[in-house]
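Student: predicted model and sequence below, questions to follow.
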Protein chains: 2
Amino acid sequence: MTLVRPQVARMSGYVPGEQPQEAGWTKLNTNENPYPASPAVAEAIARAAQRLAIYPDPLGRKFSQAAAEVLGVEPDCILPANGSDEVLTILMRTFVDAGETIAFPYPSYILYETLAEIQGANSIRLPLRPDWSWDVDAVRRHTEGCKIVFVPNPNSPSGNLWDDETLLRLLPKDGILVIDEAYRDFADRPRSFDLLRSEAGGRIVFTRTFSKSYSLAGLRLGFAVARPDLISEMRKVKDSYNCDTLSLAAGEAAIRDQEWMRANVDKIRVTRKRLDDTLRACGFETVTSQANFVWCRHPSGNHQQIYEGLKSRKVLVRLMKFPGAFAGCDQGHFTGLRITVGTDAETDRFLEELEATLALMT
Amino acid sequence: MTLVRPQVARMSGYVPGEQPQEAGWTKLNTNENPYPASPAVAEAIARAAQRLAIYPDPLGRKFSQAAAEVLGVEPDCILPANGSDEVLTILMRTFVDAGETIAFPYPSYILYETLAEIQGANSIRLPLRPDWSWDVDAVRRHTEGCKIVFVPNPNSPSGNLWDDETLLRLLPKDGILVIDEAYRDFADRPRSFDLLRSEAGGRIVFTRTFSKSYSLAGLRLGFAVARPDLISEMRKVKDSYNCDTLSLAAGEAAIRDQEWMRANVDKIRVTRKRLDDTLRACGFETVTSQANFVWCRHPSGNHQQIYEGLKSRKVLVRLMKFPGAFAGCDQGHFTGLRITVGTDAETDRFLEELEATLALMT
């Protein structure tokens, strides 16, 4: 169709992730939190539902104030958005022109590539080593000229965490380093935002989400953390009222209840260890995770079969394929399973069904 | 700053509309509905708040089903979005490349121009006649080569409604006609979507919002109505989870309660007539409105002074300036006041404070 922009026309249609809305599933495929959000959230939503006839605060100032207090930055360092996916879209539209280049590690979150495609920008996949570490010297040749280097940290699907020193070496010369911290609350060490005060800090943007550690994937709320001069440029590009009254109120309540979030995260970290140990005992190779999921590969390579066996038993995990990753692996199609850390009961159910599935394969 | 795209860097920062969040104001500046949303909305929100830990349906299918039933179209003709502003952003990113051109009537909704600027596209203001009618023959020279012609109908700030025949003559040869129907529910005649089944229907997109007639400006929910082939292209560009669980559930409840919406709209239409009559009696020129606001101009031309007088009395209306509109008017700066139709009590308060303000001026 000639009506549509060529770069959109040649994109394949969006294939929605599996989000069964009915009950009965053990859903370990999209890294949702198995524990409910702070009770303060439902209260905040009920109160905010009384003032839906009027527009929200276009700048989400009360939310930004709360987030800033918790993170130890100034409120004008915060840009709330309709999920951290919208932060990524805003970043692309603020900093990257058609024909310019972005880069991101590979394998990682593939949305960066889709967003670059929509923007008419080029994207470079920066190959990781098979142990998920960077060959920084090799990679820097590609990152130096980029407008944005995106790094999810912890990375998905692997769950490993890179240190700031490594990431800073990926900062492009005249571009931005985006550290996508969707899963950062699940890591052992907390993040300090002092990095923003360093010399490099003027070209770093952090992104955060309420979908994972705060148990609010249905709310669509995320935010950027960066120096005010970057935030004010990003603000020009966002829709005027990009965040609604309910999510701003809910997010404010959620971020002020750190104790609740930390308690859920701590439970998940304990279960994560047990999940990882048991997967290894079942013969899987795993990566030690700092996120709320575990990446694993079975020596049989039958990941499709394991995924389908589990699905037939109403257990959803994420089968992932990364064409061309780690040259030589799986005839050029690196595959594996990403298992979200659920409750202990969900994890038991998964492990049981996994055992039954593996038994049928041998 | 060289980091930022040049077209973003030269944009002036977004100036948020006046959205006082505290009580005490008579707020007639941003066309919110003075009556509350259907009680079914709060119930739907309370239920949906129980399932926020998981992601929403990325396609919002239950909402689309409800909207389709009410509008008499197929569900795959509906694309829900984060406010109809997001529909406009999606349209721009789906159909308009950098260097291509969009057009819109002038004076009207200035966001079209901002979105074109972000996209690196050109925009043409199509001048209206002083009575807000089109000189279609003059204008068609400019619209034929456009990728999108945007027409708010009813128009803002004037509130007048153009007939479909006129609008169809603005359809570009290889582009899209977007009929932005944010205010359409306030018009005397209902819209039939049969137009989508006509030959031209493959290049028409309607946009709708819950912010006005459904009293849900705080919710951020709008949608596009178009043929499925256009919707599926637009779907590629939207964020995967662009609508949250709460707004999809609330929107579904709101659109299913047509009786409630119609009752509020009918009250507003009665008050609109009284507001218009009284403004004329006070010496204002008005435009007969088919929306939930009335555009008026005072022969003194002192619109800034009237606006400020009202604001000092905690009555907010919208002072609007359209540089270059209607050549010769106001030394090149066409100005006026756009008054949202409030409750009868709010309208009385506005008229009282207006009288007091005018009395001080003479």
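Tutor: Sure thing, it's come through.
Student: when you work out contacts or count neighbours from here on, use the C-alpha atoms and nothing else.
Tutor: Noted.
Student: and the stretch 151-300 of chain A, which of its residues are near chain B?
Tutor: Counting by C-alpha under 8 Å from any C-alpha of the partner chain, the stretch 151-300 of chain A comes close to chain B at A:174-176, A:211, A:215-220, A:232-233, A:235-237, A:239-246.
Student: using ChimeraX, define a selection of the buried residues within these.
Tutor: The buried subset of these, as determined by 16 or more other C-alpha atoms under 10 Å in any protein chain shown, is captured in ChimeraX by this line:
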select /A:175,176,211,215,216,217,218,219,220,232,233,235,236,237,239,240,241,242,243,244,245,246
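Student: show me the residue sitting in the middle of chain A in space.
Tutor: The geometric centre of chain A, computed from its C-alpha atoms, lies nearest to A:Ala182 (C-alpha atoms, centre = their mean), at 4.1 Å.
Student: so that one makes contact with A:Ala217?
Tutor: No - the pair A:Ala182 / A:Ala217 is not scored as a contact, 11.3 Å apart, by C-alpha atoms under 8 Å.
Student: list the contacts of A:Val8.
Tutor: Contact criterion C-alpha atoms under 8 Å, 6 or more residues apart in numbering or on different chains gives A:Glu117, A:Ile118, B:Thr94, B:Glu233, B:Lys236, B:Val237 as the residues in contact with A:Val8.
Student: those residues into CSV, with extra columns for secondary structure and distance to B:Thr2?
Tutor: Formatted as CSV, the contacts of A:Val8 follow (DSSP: H, G, I helix; E, B strand; the rest coil; distance: C-alpha to C-alpha, whole Å):
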residue, secondary structure, distance to B:Thr2
A:Glu117, helix, 22
A:Ile118, helix, 22
B:Thr94, helix, 27
B:Glu233, helix, 33
B:Lys236, helix, 30
B:Val237, helix, 27
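Student: between those residues, which is nearest A:Ala250?
Tutor: Using C-alpha to C-alpha, the shortest approach to A:Ala250 within the contacts of A:Val8 belongs to B:Val237, at 27.2 Å.
Student: which ones are touching the closest one?
Tutor: Going by C-alpha under 8 Å, 6+ apart, B:Val237 touches A:Val8, A:Ile118, B:Ile90, B:Arg93, B:Thr94.
Student: shaky segments in the stretch 1-150 of chain A?
Tutor: A:1, A:13-17 (pLDDT under 70).
Student: all strands for it, in order.
Tutor: When secondary structure is read from DSSP state E, counting those that start in this stretch, the stretch 1-150 of chain A shows strands at A:26-28, A:78-81, A:101-106, A:122-127, A:148-152.
Student: for the second one, packing partners?
Tutor: Applying 3 or more C-alpha pairs under 8 Å, 6 or more residues apart in numbering or on different chains; DSSP states H and E, one finds that strand A:78-81 makes contact with helix A:61-71, strand A:222-225, helix A:228-237.
Student: now do the last one
Tutor: Secondary-structure packing of strand A:148-152 (3+ C-alpha pairs under 8 Å, 6+ apart): strand A:101-106, strand A:176-180.
Student: with just CA atoms, put the first one into CSV.
Tutor: Listed next in CSV are the C-alpha coordinates belonging to strand A:101-106 (Å, rounded to 0.1, in the frame of the first residue of the first chain):
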residue,chain,number,x,y,z
THR,A,101,22.2,4.9,14.1
ILE,A,102,21.4,3.2,17.5
ALA,A,103,23.0,0.1,19.0
PHE,A,104,22.1,-2.5,21.6
PRO,A,105,23.5,-5.7,22.9
TYR,A,106,22.5,-8.9,21.2
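Student: so how far is it from its chain's centroid?
Tutor: Taking C-alpha atoms, centre = their mean, to the nearest Å, the mean C-alpha location of strand A:101-106 is offset from the chain mean by 15 Å.
Student: and the helix ranked longest in chain A, what does it pack against?
Tutor: What stands out as the longest helix in chain A, according to DSSP state H, is helix A:258-281. With contacts taken as 3+ C-alpha pairs under 8 Å, 6+ apart, helix A:258-281 sits against strand A:285-286, strand A:293-297, helix A:344-361.
Student: residues in contact with the last one: which ones?
Tutor: When you say that, I think you mean helix A:344-361. By C-alpha under 8 Å, 6+ apart, the surrounding residues in contact with helix A:344-361 are A:Thr26, A:Thr271, A:Leu275, A:Thr278, A:Ile306, A:Gly309, A:Leu310, A:Arg313, A:Val315, A:Val341.
Student: show me which pair in those is furthest apart.
Tutor: A:Thr271 and A:Gly309 (23.0 Å).
Student: and the residue nearest to the centre of chain A, what is it in contact with?
Tutor: Taking C-alpha under 8 Å, 6+ apart as the definition, contacts of A:Ala182 comprise A:Ser84, A:Pro152, A:Asn153, A:Pro154, A:Thr207, A:Arg208, A:Thr209, A:Ser211, A:Lys212.
Student: let's have the contacts of helix A:344-361 in CSV, adding neighbour count and distance to A:Ala42.
Tutor: Conversion of these to CSV gives the following (neighbours: other C-alpha atoms under 10 Å in any protein chain shown; distance: C-alpha to C-alpha, whole Å):
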residue, neighbour count, distance to A:Ala42
A:Thr26, 19, 24
A:Thr271, 18, 26
A:Leu275, 24, 31
A:Thr278, 13, 36
A:Ile306, 23, 38
A:Gly309, 20, 37
A:Leu310, 23, 33
A:Arg313, 16, 33
A:Val315, 21, 28
A:Val341, 29, 24
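Student: ok, of the residues you listed, which one's closest to chain B?
Tutor: Nearest to chain B among the contacts of helix A:344-361: A:Thr26, at 11.9 Å, using C-alpha to the nearest C-alpha.
Student: ok, and the closest non-adjacent residue to the closest one?
Tutor: By the measure of C-alpha to C-alpha, 6 or more residues apart in numbering or on different chains, the closest residue to A:Thr26 outside its immediate chain neighbours is A:Val315, 4.7 Å from it.
Student: related to what we said a few turns ago, which of the strands of the stretch 1-150 of chain A has the highest mean neighbour count?
Tutor: The densest packing among the strands of the stretch 1-150 of chain A, expressed as mean neighbour count by mean count of other C-alpha atoms under 10 Å in any protein chain shown, is seen in strand A:78-81 with a mean of 28.
Student: mind checking how far that one is from the chain centre?
Tutor: 16 Å.
Student: repeat for stretch A:304-313
Tutor: Using C-alpha atoms, centre = their mean, we find the averaged C-alpha position of stretch A:304-313 to lie 24 Å away from the chain's own average C-alpha position.
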